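K.L.:
the following block contains a protein sequence and its predicted model.
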Amino acid sequence: MNKRRFALIPAVVLLIALPVTALAASVKKKNGEVVEGKIQARIVQRQAKEGSVSYVIRKGSDITAIDEQGVHFKKGSKVDDLTIFMEGKSATEIEALGGKGGFVLHITGETKEAATDSNPLLGEYRGDASRKEIKGVIFSVINIQTKTGIVTIPVEEIVEFAKQP
């Protein structure tokens, strides 16, 4: 009976190791280097249109890659969208006013399929999500937990996203 138990150990170790690699994300830098690991914080992207500015926040653990096409995230990931509307104002004017006097809409959704978003990447959002806190800080870096430790990549060092047609 002991021989059987020991024979199963390699299979169990393999099953435990697989999810860790499956959760890894790859982040491509402008110098061609690719950093692989787990993005632990939430990331923020910016969408601007005439009359509104949106900030999309995603959990880093839902990110599978960041490359020339943009930010890739897995199916079923949660998406928080904070949109500020101000009639007759440009996106730049709305940001300059900090959204004061506008209408703010907060949407939380779930992706139906794996997708890519090529909107500008602002960095990591740090706030208390457990308290549904809106206040927080955006750092213009991405921290990645790698096999050798935490690697900090400034957003300006991440490869530029291709323009969408």
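P.N.:
Looks like it arrived, so ask away. From a predicted model like this one, the values you see are computed outputs, not experimental measurements.
K.L.:
what's across from K49 in the sheet?
P.N.:
Counting by DSSP bridges, K49 is bridged to S52.
K.L.:
how many neighbours does it have?
P.N.:
Number of residues near K49 (other CB atoms under 10 Å) recorded here: 11. Every residue, glycine included, has its C-beta placed from N, CA and C.
K.L.:
how about the helices of this protein, start to end?
P.N.:
All helices of the chain, identified by DSSP state H, fall at 2-22, 91-97.
K.L.:
what sits against R46?
P.N.:
53-56, 119-120, 122 (CB atoms under 8 Å, 6 or more residues apart in numbering).
K.L.:
among the residues you listed, which ones are buried?
P.N.:
53-56, 119, 122 (16 or more other CB atoms under 10 Å).
K.L.:
in a markdown table: the residues you listed, plus pLDDT and distance to F85.
P.N.:
Below are those laid out as a markdown table (pLDDT from 0 to 100; distance: CB to CB, whole Å):
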| residue | pLDDT | distance to F85 |
| --- | --- | --- |
| V53 | 80 | 9 |
| S54 | 82 | 10 |
| Y55 | 83 | 13 |
| V56 | 86 | 16 |
| N119 | 88 | 17 |
| L122 | 87 | 20 |
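K.L.:
spit out the contact partners of the closest residue to A24 other than its chain neighbours.
P.N.:
Of all residues beyond its chain neighbours, the one nearest A24 is E36 (5.2 Å), with distances taken as CB to CB, 6 or more residues apart in numbering. Residues near E36 by CB under 8 Å, 6+ apart: 24-27, 144, 146.
K.L.:
hang on, isn't S118 packed against D67?
P.N.:
No - using CB atoms under 8 Å, S118 makes no contact with D67, being 10.2 Å away.
K.L.:
and Y125, what does it touch?
P.N.:
Shown in contact with Y125 (CB under 8 Å, 6+ apart): 41-44, 57, 136-138.
K.L.:
now these: which count as buried?
P.N.:
Listed as buried from the contacts of Y125 are 41-44, 57, 138; burial here means 16+ other CB under 10 Å.
K.L.:
check which residues of stretch 108-117 are buried.
P.N.:
111, 117.
K.L.:
distance between the ends of that stretch?
P.N.:
16 Å (CA to CA, to the nearest Å).
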